[in-house]
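Undergrad: coordinates only, sequence not included:
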């Protein structure tokens, strides 16, 4: 039987992530996050012309309409922040070359923090890097904890999807604050 995390653990992770600032990051982490972001951008741009299904994903998002809040990578199109985050996530993972590690950190480092930054406006590069680092850190910690739980084959879906969603929420929360998406 797997034990359920206590609210104390959840609160500790949330507090930890909320207090990550650019200045608190070791230089090696800043470099690693920059590499993850660049890798994710490169794979997204390559997938836009080389991966099956990416054009269809962009077309589906465009057909949904909505306020043009954020930019689809490599397509020059805009759409609602959540839809663009979905599309950009698909692009980053489209060729399956995105940076792996515990929880596909390339997707986590770029997609939600970028959509949130564009939506909020006025976000500095340092704030973006801190949000990306927080997203990666929480995803990594949760993934490593799940590995230690020995969930008997349940990790493949947990690690790549669920834990990435939690990290993405952390990455967009750092500077989106009280803004509400008008989708």
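TA: On my side now, so go ahead. Just so we're clear, the structure is a prediction, and the values are computed from it rather than from any experiment.
Undergrad: okay, now residue 95: neighbour count?
TA: 17 (other Cβ atoms under 10 Å). Placement of C-beta: from N, CA and C, glycine included.
Undergrad: Could you identify the helix or strand that succeeds the worst-scoring helix or strand of the chain on mean pLDDT?
TA: Across the helices and strands of the chain, mean confidence by mean pLDDT, DSSP states H and E is lowest for helix 155-157: a mean of 53. Following helix 155-157 in sequence order, the next helix or strand is helix 163-176 (DSSP states H and E).
Undergrad: Let me see the ranges of the helices in the protein.
TA: 7-18, 27-50, 54-64, 81-93, 105-120, 125-148, 155-157, 163-176 (DSSP state H).
Undergrad: Make JSON lines from those and add mean neighbour count and distance to residue 74 to it.
TA: Output for the helices of the chain, formatted as JSON lines (neighbours: other Cβ atoms under 10 Å; distance: least, Cβ to Cβ, whole Å):
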{"stretch": "helix 7-18", "mean neighbour count": "12", "distance to residue 74": "29"}
{"stretch": "helix 27-50", "mean neighbour count": "17", "distance to residue 74": "4"}
{"stretch": "helix 54-64", "mean neighbour count": "16", "distance to residue 74": "9"}
{"stretch": "helix 81-93", "mean neighbour count": "24", "distance to residue 74": "7"}
{"stretch": "helix 105-120", "mean neighbour count": "27", "distance to residue 74": "13"}
{"stretch": "helix 125-148", "mean neighbour count": "21", "distance to residue 74": "19"}
{"stretch": "helix 155-157", "mean neighbour count": "11", "distance to residue 74": "28"}
{"stretch": "helix 163-176", "mean neighbour count": "23", "distance to residue 74": "20"}
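Undergrad: Tabulate those (CSV), appending distance to residue 72.
TA: Below are the helices of the chain laid out as CSV (distance: least, Cβ to Cβ, whole Å):
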stretch, distance to residue 72
helix 7-18, 27
helix 27-50, 9
helix 54-64, 6
helix 81-93, 5
helix 105-120, 10
helix 125-148, 18
helix 155-157, 26
helix 163-176, 17
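Undergrad: Of the ones you listed, which shows the lowest average pLDDT?
TA: Lowest mean pLDDT within those: helix 155-157, at a mean of 53.
Undergrad: Give me the most central residue, the protein.
TA: Closest residue to the average C-alpha location of the chain: residue 108 at 2.6 Å, with Cα atoms, centre = their mean.
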